[in-house]
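Asker: give me coordinates for this.
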Amino acid sequence: MQVFHHVASLRDALAKARSDGKTVAFVPTMGNLHDAHIELVKAAQQHCDLVVVSIFVNRLQFGLNEDWDKYPRTMEQDMARLRAVQCDFLFHPEESEIYPNGMDEQTRVICPAMTDILCGASRPGHFEGVTTVVAKLFNIVQPDKAVFGIKDFQQLAVIRRMVEDLCIPVEVIAAPVHREPDGLAMSSRNSYITAQERPKVPVLYQTLLWAKGEIEGGRRDFAVLEDEAKQRIEKAGFRVDYFSIRNSKDLQPAADDDSEITILGAIYTSAARLIDNLSLEL
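Answerer: Here you go, the predicted structure:
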């Protein structure tokens with residue numbers, strides 16, 4: 001695995017690979033890699049000749065009082081995991097390489113669709129930071145395809161919209177949610193969950209499954225379903241950020257005649273905010 005810290009050297013290496021006829025897949029991450037990240041890399045390897053993984057903890061997408069300072073940084077372990085699956089290129093830049101003029105002066109990429117609801121309502125400015133850094137990384141790497149996990153369903157939808165709106169020539173591929181044996185979606189922030197909370201946190205996934213079953217069984221009283229779901233989660237001892245049944249394409253509240261629906265939830269543990277979702281077709 002070749003490791004790059006600078007845009008210029010990465011671009012030179014990618015230009016040589018493309019001149020040799022290689023196709024390029026890209027997996028952007030913030031590090032602290034777990035099995036779900038590795039599954040993204042494996043998915044990328046199925047689609048292209050060469051895989052680039054980036055590790056960059058993007059301060060621009062963290063809000064005030066969020067966990068940028070304590071976000072887990074495990075570079076040595078991350079590199080070992082990437083080498084084990086034969087990742088080709090790792091891009092690990094300093095902040096000054098991504099934001100050479102400073103973040104205050106950084107040109108921003110703003111996607112007005114789907115960014116002020118759900119996670120966007122709880123984390124103002126978050127998606128502006130995501131779309132800005134992903135647009136920059138797409139311009140740096142210029143991949144043929146990019147792989148994102150479905151666990152961050154809203155992020156995936158926003159990035160797809162940005163790619164469409166800005167005519168970015170990259171195919172966005174969605175990879176399935178990778179789960180622990182008890183159903184908990186894998187996340188870097190799972191390390192914040194206490195030992196006492198850990199047996200209870202699968203309640204989010206269990207409640208998503210319950211709601212999915214209710215809808216498949218014919219229920220369309222979505223607002224009532226959402227309230228019942230919140231009560232189930234709160235009974236387990238967690239605070240609900242949101243539990244919402246949405247149209248899968250535009251993330252607007254689901255209507256009775258929608259054929260593609262996604263159920264999304266976010267909860268707070270004592271030190272973590274966890275998200276998950278399930279989609280279904282009717």
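Asker: ends of stretch 20-27, how far apart?
Answerer: 21 Å (C-alpha to C-alpha, to the nearest Å).
Asker: contacts for that stretch?
Answerer: Here stretch 20-27 makes contact (C-beta atoms under 8 Å, 6 or more residues apart in numbering) with 14, 17-18, 37, 40-41, 44-45, 47-54, 137-138, 141-147, 170. All C-beta atoms are positioned from the backbone trio N, CA, C, and that covers glycine.
Asker: buried only: go through the residues you listed for me.
Answerer: For the contacts of stretch 20-27, a burial check counting by 16 or more other C-beta atoms under 10 Å picks out 14, 17, 37, 40-41, 44-45, 47-48, 50-54, 137-138, 141-147, 170.
Asker: mind listing the strands for the stretch 101-250 of the chain?
Answerer: If DSSP state E, counting those that start in this stretch is used as the criterion, the strands of the stretch 101-250 of the chain fall at 145-149, 171-175, 239-247.
Asker: in PDB, list the C-alpha atoms belonging to stretch 142-162.
Answerer: Provided in PDB are the C-alpha atoms of stretch 142-162 (Å, rounded to 0.1, in the frame of the first residue of the first chain):
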ATOM      1  CA  GLN A 142     -11.200  12.000  -9.500                       C
ATOM      2  CA  PRO A 143     -12.400   8.400  -9.000                       C
ATOM      3  CA  ASP A 144     -14.600   6.500 -11.400                       C
ATOM      4  CA  LYS A 145     -16.600   5.200  -8.500                       C
ATOM      5  CA  ALA A 146     -17.000   6.000  -4.800                       C
ATOM      6  CA  VAL A 147     -18.400   3.700  -2.200                       C
ATOM      7  CA  PHE A 148     -20.500   4.900   0.800                       C
ATOM      8  CA  GLY A 149     -22.300   3.000   3.500                       C
ATOM      9  CA  ILE A 150     -26.100   2.900   3.700                       C
ATOM     10  CA  LYS A 151     -25.900   3.400   7.500                       C
ATOM     11  CA  ASP A 152     -25.500   7.100   6.800                       C
ATOM     12  CA  PHE A 153     -28.500   7.100   4.600                       C
ATOM     13  CA  GLN A 154     -29.100  10.800   4.600                       C
ATOM     14  CA  GLN A 155     -25.400  11.500   3.900                       C
ATOM     15  CA  LEU A 156     -25.600   9.100   0.900                       C
ATOM     16  CA  ALA A 157     -28.800  10.800  -0.400                       C
ATOM     17  CA  VAL A 158     -27.100  14.300  -0.100                       C
ATOM     18  CA  ILE A 159     -23.900  13.200  -1.800                       C
ATOM     19  CA  ARG A 160     -25.900  11.700  -4.600                       C
ATOM     20  CA  ARG A 161     -27.800  14.900  -5.000                       C
ATOM     21  CA  MET A 162     -24.500  16.900  -5.000                       C
END
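Asker: off-centre distance for that stretch?
Answerer: Using C-alpha atoms, centre = their mean, to the nearest Å, the mean C-alpha position of stretch 142-162 is found 8 Å from that of the whole chain.
Asker: where exactly do the helices run in the protein?
Answerer: Using DSSP state H, the helices found in the chain span residues 7-19, 35-47, 75-84, 95-98, 119-122, 126-141, 153-165, 203-216, 222-235.
Asker: list the contacts of residue 173.
Answerer: 43, 44, 47, 145, 146, 147, 148.
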